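Engineer: structure for this input, please:
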Amino acid sequence: VSNIDNKAAFLQEDSACLKDILLAAIKSVQREVLYRNISVITDVHAVRHDLVFCDADKMVQMLSRILDNATKYNETNGTITVYISEEAITSERSRYLFTIEDTGIGMSAEQLAVATDLFSRSNNTTQSGVFGTGVGLTIAKSIVDMMQGQFEIDSVLREGTTVTISLNMAIQDVDYPTVDRTELGDRVLVVTDNFHLYDTITSAFDLLNIESVLTGSVDSAVLMLKQLHRRGKVCKHCFIDSSCIEHWDALSSELHHGVVIPIVPYYASCEGVSIAQPVFIRDIYSYLAGDIVPVEASNPKCRILVVEDNEINQELMQEILQERGAEVVIADNGEVAVNIMKSEEGQTLNLILMDLQMPVMNGFDATRAIRELGLAVPIIAVSANSFTEDRDKAYAAGMSDFIPKPFDMSRLNEILQSIANRASE
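Structural biologist: Here you go, the predicted structure:
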């Protein structure tokens, strides 16, 4: 709680994007989520105004604390579901309801009775053997109180916990991008087994009076397209969840000059146009209006040193970077990274992605050591910690930039393209 109190006792409201806020909060727990195979599901189909005025930093802190709690006391292979809905209050303000459900260890009725004061967790342990105290919920509630919102918690032992937050926020007077309705065809096909994702896409096209058709596999989608074609119906757009993306060539051929749009996890992308989850209605309109910039592979001459001690994160980062044409070198800690930079191989590296907290030598000390070698290679801090003091400390150590962990994909693409351009000069 002191970390919040020390920062400021007041809110700094400014224009903000709910997608950016939600992404930053999810990224803060992604390492643990990936390690324990916990599914994070989002449902934002009931949000009409995703651009608001609020203190974005405190919103991220609040949601990050709740998600951290939901992750820490969840089961391996468990689920966390984040719902955001909106109810209009006036033409300028809306009430937003944030609901975070987990399938974790939960609390007994006795523990729940005192949760509003102590947010105590069950004396049971998770499989990792960690005893729960729920301190993160106390911090989250203090932020909600600061925002004059409402905070509720419900829990059932061995079934999970639900945290509900209600906040009134001013909405930005920004319309969705303009879309030419005549170019959209008669139907939109959605290939996914994620009903939350389907609801969002349906909500977007309902506003355009276009029917959305759901199917759970590429094979059934192909059959459905053939049926639509025989009936003289035109389908120009097919949104496909990345989990169903195999054999999509057959799907493309049946669209008859239509396009397939992949919906990818937030930490990934694919060549061409795609939409990253969580998907808001504005994302669909931005795609239809042509506002989403296609992803292109980076120049293969871009060689990147990834300094990361977690093997899962190493594999994830390597896959993402290689998809963009980069060559990747892995260092398990800061000391290994410094030794690489001292070698001839270090002279061939165009970029360093540096984790901050590692055994043997952390990212701050490693960066100082590399700068002492007289090397000006860009060093980007990659961290789940997004507090201002962490950024300041990274810059003071000699780092060039800061990316929330695992990746802010749009910012990563900008950096890789910039490095690739310099490498090709």
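Engineer: pretty sure Leu208 contacts Arg181?
Structural biologist: Yes: at 5.7 Å, Leu208 and Arg181 qualify as touching, with contact defined as CB atoms under 8 Å. Any C-beta I mention is one placed from the backbone N, CA and C, and that applies to glycine too.
Engineer: tell me the SS of Gln314?
Structural biologist: helix (DSSP: H, G, I helix; E, B strand; the rest coil).
Engineer: burial measure for it, as a count.
Structural biologist: When neighbours are defined as other CB atoms under 10 Å, Gln314 has 18 of them.
Engineer: please apply the same query to Glu389.
Structural biologist: For Glu389, the neighbour count with other CB under 10 Å is 11.
Engineer: which ones are touching it?
Structural biologist: For Glu389, the contact set (CB atoms under 8 Å, 6 or more residues apart in numbering) is empty.
Engineer: which of the helices or strands spans it?
Structural biologist: Here Glu389, judged by DSSP states H and E, is contained in helix 388-397.
Engineer: pLDDT of that helix, averaged?
Structural biologist: Helix 388-397 shows an average pLDDT of 84 in the prediction.
Engineer: one more: stretch 156-164?
Structural biologist: Rounded mean pLDDT across stretch 156-164 is 93.
Engineer: do stretch 173-186 as well
Structural biologist: The model assigns stretch 173-186 a mean pLDDT of 87.
Engineer: returning to that earlier point: quick one: which of Leu208 and Arg181 has more around it?
Structural biologist: Neighbours per residue, other CB under 10 Å: of Leu208 and Arg181, the larger number sits with Leu208, 14 against 9.
Engineer: so that one, which state does it fall into?
Structural biologist: Assignment for Leu208 (three-state DSSP): coil.
Engineer: and the end-to-end length of stretch 222-236?
Structural biologist: Its start and end residues considered, stretch 222-236 measures 13 Å (CA to CA, to the nearest Å).
Engineer: buried residues in it?
Structural biologist: Val222, Met224, Leu225, Leu228, Cys235, Lys236 (16 or more other CB atoms under 10 Å).
Engineer: same thing with stretch 382-394?
Structural biologist: Across stretch 382-394, burial judged by 16+ other CB under 10 Å covers Val382, Ser383, Ala384, Asn385, Ser386, Asp390, Arg391, Lys393, Ala394.
Engineer: export those residues to a markdown table and tack on distance to Glu75?
Structural biologist: A markdown table is the format used below for the buried residues of stretch 382-394 (distance: CB to CB, whole Å):
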| residue | distance to Glu75 |
| --- | --- |
| Val382 | 28 |
| Ser383 | 27 |
| Ala384 | 21 |
| Asn385 | 26 |
| Ser386 | 27 |
| Asp390 | 30 |
| Arg391 | 34 |
| Lys393 | 35 |
| Ala394 | 34 |
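Engineer: quick check, nearest of those residues to Ser217?
Structural biologist: Ser217 has its nearest neighbour among the buried residues of stretch 382-394 in Ala384, at 34.8 Å by CB to CB.
Engineer: the closest one is in contact with Asp390, isn't it?
Structural biologist: No: at 9.5 Å, Ala384 and Asp390 do not qualify as touching, with contact defined as CB under 8 Å.
Engineer: among the buried residues of stretch 222-236, name the least confidently predicted one.
Structural biologist: Minimum confidence in these sits at Leu228, scoring 81.
Engineer: can you confirm that one is in a strand?
Structural biologist: No: with three-state DSSP as the criterion, Leu228 is located in helix rather than a strand.
Engineer: test my guess that it contacts Gly185.
Structural biologist: No: with contacts counted by CB under 8 Å, Leu228 stays clear of Gly185, the gap being 9.5 Å.
Engineer: can you list residues touching both of the two?
Structural biologist: Val234, Cys235.
Engineer: roughly how far apart are the residue nearest to Ala25 when sequence neighbours are not counted and Met107?
Structural biologist: Excluding its sequence neighbours, the residue lying closest to Ala25 (CB to CB, 6 or more residues apart in numbering) is Leu63, at 3.6 Å. Using CB to CB, to the nearest Å, one obtains 20 Å as the distance from Leu63 to Met107.
Engineer: out of the two, which sits in the more crowded spot?
Structural biologist: Neighbour tally, Leu63 and Met107, criterion other CB under 10 Å: the higher count belongs to Met107, 28 against 25.
Engineer: close enough to count as contact, the more buried one and Thr161?
Structural biologist: Yes: assessed by CB under 8 Å, Met107 is found in contact with Thr161 at 6.6 Å.
Engineer: okay, and the common contacts of the two?
Structural biologist: With CB under 8 Å, 6+ apart as the test, Met107 and Thr161 both reach Ser155.
Engineer: which strand in this structure has the most residues?
Structural biologist: Criterion DSSP state E: the longest strand present in the chain is strand 160-171.
Engineer: for whichever helix or strand comes after it, C-alpha coordinates in PDB please.
Structural biologist: Proceeding N to C from strand 160-171, the next assigned helix or strand is strand 187-191, under DSSP H and E. The C-alpha trace of strand 187-191 is given here as PDB (Å, rounded to 0.1, in the frame of the first residue of the first chain):
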ATOM      1  CA  ARG A 187     -22.300 -11.900 -44.000                       C
ATOM      2  CA  VAL A 188     -19.200 -12.000 -41.800                       C
ATOM      3  CA  LEU A 189     -17.700 -15.400 -40.800                       C
ATOM      4  CA  VAL A 190     -16.100 -15.900 -37.400                       C
ATOM      5  CA  VAL A 191     -14.000 -19.100 -36.900                       C
END
